[in-house]
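[1] what follows is a protein structure lacking sequence information:
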């Protein structure tokens, strides 16, 4: 029987992974936000951010400063080619009243992670993400929708409590950021495992 995403286990693993790396993840996000407006540097930090998620999915220690690594600029042409292909594909799918674009967006969601983690070509990254998510697109959509709803619900509950301190609000923000990045890592880990388990072509 094919292994499918499990809602409860996915959420539990994401929370555990996110909380275990919360400080480094917060520092990574802060560094990224502070530098995302700087031309050219922002390309390397974007690639570095994806590498952080890939490393997290494998249980590796993450270094926030690694988003500035010179290694992130290797294969820059392929990075832009992947972005261009994905953007063009989603744009074409959007012509058909957006639903195909949403489905394709889910199917290609992990293409950049396969690219930076497995060193696949742009086309292979897209096709690998598409193939490994086959049969699980509804699960992916519902998991991310439930995660977003849960984060908003918790934030709303605490926001409605009078005199909630700034420290508590900050801790909630850290937890939300860590959880969402942890969720991305856990989801990618699942599909990377499907790739590894697939019979060789």
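    Everything's here; your move. Model, not experiment: these values are computed from the prediction.

[2] CA only for contacts and neighbour counts going forward, please
    Noted.

[3] now the helices for the protein?
    Using DSSP state H, the helices of the chain run over residues 7-20, 22-35, 41-57, 76-94, 99-107, 111-118, 122-132, 137-160, 166-197.

[4] tell me which of those approaches residue 64 most closely.
    Residue 64 lies closest to helix 22-35 among these, at 4.5 Å (C-alpha to C-alpha).

[5] residue 178 is in contact with residue 22, correct?
    Yes - with contacts counted by C-alpha atoms under 8 Å, residue 22 reaches residue 178, the gap being 5.2 Å.

[6] what sits closest to residue 67 if chain neighbours are left out?
    Leaving out its chain neighbours, the residue that sits closest to residue 67 by C-alpha to C-alpha, 6 or more residues apart in numbering is residue 48, at 4.0 Å.

[7] my read: that neighbour touches residue 68, true?
    Yes - the pair residue 48 / residue 68 is scored as a contact, 6.9 Å apart, by C-alpha under 8 Å.

[8] can you pull the pLDDT of the residue nearest to residue 67?
    You'll see residue 48 listed with a pLDDT of 96.

[9] related to what we said a few turns ago, mean neighbour count and distance to residue 64 added to the helices of the chain, as a markdown table?
    Formatted as a markdown table, the helices of the chain follow (neighbours: other C-alpha atoms under 10 Å; distance: least, C-alpha to C-alpha, whole Å):
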| stretch | mean neighbour count | distance to residue 64 |
| --- | --- | --- |
| helix 7-20 | 18 | 14 |
| helix 22-35 | 17 | 4 |
| helix 41-57 | 22 | 8 |
| helix 76-94 | 15 | 21 |
| helix 99-107 | 17 | 27 |
| helix 111-118 | 22 | 17 |
| helix 122-132 | 19 | 25 |
| helix 137-160 | 14 | 24 |
| helix 166-197 | 18 | 13 |
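
[10] for residue 63, find the nearest of these.
    Closest approach to residue 63 among these (C-alpha to C-alpha): helix 22-35, 6.8 Å.

[11] which strands and helices lie in contact with the closest one?
    Counting contacts by 3 or more C-alpha pairs under 8 Å, 6 or more residues apart in numbering; DSSP states H and E, helix 22-35 packs against helix 41-57, helix 166-197.

[12] give me the below-cutoff pLDDT ranges for the protein.
    For the chain, the stretches with pLDDT under 70 are 1-2, 159, 162-167, 169, 198-201.

[13] for the spatially most central residue of it, which non-adjacent residue is closest in space?
    The chain has residue 184 as the residue nearest its centroid, 3.9 Å off, counting by C-alpha atoms, centre = their mean. Nearest non-adjacent residue to residue 184, counting by C-alpha to C-alpha, 6+ apart: residue 53, 7.1 Å away.

[14] thanks a lot, catch you later.
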